[in-house]
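Have a look at this prediction, sequence included:
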Amino acid sequence: MNVPVLVTFVVYLVGMLGVGMLFYHLTENLSDYILGGRQLNSFVAALSAGASDMSGWLLLGLPGALYAGGMSQSWIAIGLVIGAYLNWQFVARRLRSYTYAANDSLTLPDFFEYRFRDSSRLLRVVSAVVILVFFTIYTSSGLVGGAKLFESSFGLNYYWALAIGALVIVSYTFLGGFMAVSWTDFVQGVLMFMALLIVPVMTIYDLGGWNETVRLAAKVDIEYIDIFSGMSVISIISLAAWGLGYFGQPHILARFMAIRSEKIVPKARLIGMTWMIFGILGSVFVGFSGIGFFADAPLQDAEKVFIELTQIQFNPWVAGVLLAGILSAIMSTVDSQLLVCSSAIAEDFYKALFREEAGDKELVWIGRGSVIAVALIAVAIAADPDSMVLNLVAYAWAGFGASFGPVVLFGLFWRRITRNAAMAGILTGAVTVIVWKQLSGGLFDVYEILPGFLLGTAAILLVSLLGEGPDEEVKEEFDRIE
């Protein structure tokens, strides 16, 4: 067992639990537990949104794709940067204002119900079901990634590794809620950023500089250095379409809703986008530089390129800190997903359907119990060590992007959208993603988020224009939002 790495991991995990204990004593009501009382500052909001978004794919999946396929795989990074910027630029400020005006909505389903004045509560329930289904799968993929990291780093049995990782994440999410998750995400975001800058810089330096890195990659395969190699217009659009997912991700949108004030959104956007651009560039260069570094002894598992470069180039103590970056990337997404699921159960099912008179303390404990329940289901799914982690992530990302993305955008910026149109958009997007995915893994080699998003948009436009318009009360509220 690698003792320095183990010590580093233990110190890191104990620190995360300490943050959970701190915010346990500061959590007094459901708003505190779900949105931190809408008190996030610009730095925490920005890095928390980024860290909860990126997960382990930034240090495992994306470098692995670049290592295996060369620069042509960087189109996904380009699409994500564009999508994230548009999300910060157009959605963040207005969503913060609108959710507060719409009866101080705490969750996305909560917002949909008040935004469209859905007295039937069906829109809330359908939205909450979509969240629970896709996030439970999404959470399980993160737990699998964490288990494999522990397994490869310490030689642990897969199931023990899965149990340890799940226990720590569930503990600080259970205790501290949104503020614990956001502040741990802040720390994790800093750690991820350091790792993604240090590892590629050292690798390129060891190879003799950038020109030599490119030469070595071209020596392995000349197509590795061409961003257009093997790419058709459809392939490029399909990879770049990952960016559409940002508009519908509940765990990212929750950070916008929790920002202290609309006035600090520009500062948070600058911080968040700077972090993301440097982080994604680091991820791309880790994978690309790995091609030349391992030219004489290619890796069997492309997704371990970051781990292998770290273990080879750095002493065990430094490697421990950098490898903790992978763990932090996984944890920062899983904790956010658990929290969104718990808020859906407490606010959108328990309070909305069963106990409208439930008090804050009761709802907080329902939320905490929901964290454990969802985590147990996710652990059961993750119990298969052969789970296809990246496929599950892509599936959930597409599901949220296609289901919620069009509704969020039209709900924020189009006065004419109706309650029935919102319902049609959510169902059309979700069903399209599921059906498209089942058809031999997708038709025409197109990522399922693209047809799901387009058809969901078409459904919203069609139903809104053919049906009766929204009530005057809804229009007046829309006009008041700045």
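Received it, and whenever you're ready, just let me know what you need.

Any regions of the stretch 201-350 of the chain where pLDDT drops low?
For the stretch 201-350 of the chain, residues meeting the criterion pLDDT under 70 lie at 325, 328-329, 331-332, 335-336.

where's the closest residue to Arg355 other than its chain neighbours relative to Lys351, distance?
Leaving out its chain neighbours, the residue that sits closest to Arg355 by C-beta to C-beta, 6 or more residues apart in numbering is Glu362, at 7.6 Å. C-beta here means a position set from N, CA and C on the backbone, and glycine is covered the same way. Separation of Glu362 from Lys351 (C-beta to C-beta, to the nearest Å) stands at 9 Å.

the more surrounded of those two?
Lys351 (20 against 15; other C-beta atoms under 10 Å).

Can you tell me how far that one is from Trp88?
Taking C-beta to C-beta as the measure, Lys351 and Trp88 are separated by 31 Å.

The residue nearest to Arg355 in helix, strand or coil?
Reducing the assignment at Glu362 to three states with DSSP: H, G, I helix; E, B strand; the rest coil gives helix.

Tell me how far it lies from Tyr350.
Distance, Glu362 to Tyr350, using C-beta to C-beta: 9 Å.

Check Asn315 too.
Taking C-beta to C-beta, one finds Asn315 at 51 Å from Tyr350.

what about the two, which has more around it?
Neighbour count, other C-beta under 10 Å: between Asn315 and Tyr350, Tyr350 has more, with 19 against 8.

ok, now which ones touch the more buried one?
With C-beta atoms under 8 Å, 6 or more residues apart in numbering as the criterion, the residues that contact Tyr350 are 358, 363, 366.

And the strands in the chain, which stretches?
Under the criterion DSSP state E, strands are not mapped anywhere in the chain.

Could you pull out the helices in the stretch 251-400 of the chain for me?
In the stretch 251-400 of the chain, the helices defined using DSSP state H, counting those that start in this stretch lie at 265-293, 305-313, 316-343, 360-382, 389-413.

Determine which stretch of those is the most buried.
Each of the helices of the stretch 251-400 of the chain was given a mean neighbour count from mean count of other C-beta atoms under 10 Å, and the largest, a mean of 26, is that of helix 316-343.

what angle sits between that helix and helix 360-382?
With axes from the mean of the first three to the mean of the last three C-alpha atoms, to 10 degrees as the basis, helix 316-343 and helix 360-382 are set at 120 degrees to each other.

Mind giving me the packing neighbours of helix 316-343?
On a contact count with 3 or more C-beta pairs under 8 Å, 6 or more residues apart in numbering; DSSP states H and E, helix 316-343 meets helix 3-24, helix 30-35, helix 42-54, helix 122-154, helix 158-207, helix 250-258, helix 305-313, helix 360-382.

For the ones you listed, which has the smallest mean pLDDT value?
Taking the average pLDDT of each of the helices and strands packed on helix 316-343, the minimum falls on helix 30-35, with a mean of 54.

quick one, which of the helices and strands packed on helix 316-343 is nearest to Ala102?
Comparison of the helices and strands packed on helix 316-343 against Ala102 by C-beta to C-beta identifies helix 250-258 as nearest, at 10.5 Å.

I'd say Ala477 and Ala101 touch.
Check again: residue 477 is Glu, not Ala. Yes - under the criterion of C-beta atoms under 8 Å, Glu477 makes contact with Ala101 at 6.5 Å.

What's the local residue count around Ile264?
One way to gauge burial is a neighbour count; for Ile264, by other C-beta under 10 Å, it gives 19.

mind starting the numbering at 91 from now?
Noted, 91 is the first residue going forward, which turns the last one into Ile354.

Quick check: the nearest residue to it once chain neighbours are set aside vs Leu170, distance?
Here the nearest residue to Ile354 in space, its sequence neighbours aside, is Ser132; by C-beta to C-beta, 6+ apart that works out to 4.5 Å. Distance from Ser132 to Leu170, counting by C-beta to C-beta: 21 Å.

Fine by me, thanks again.
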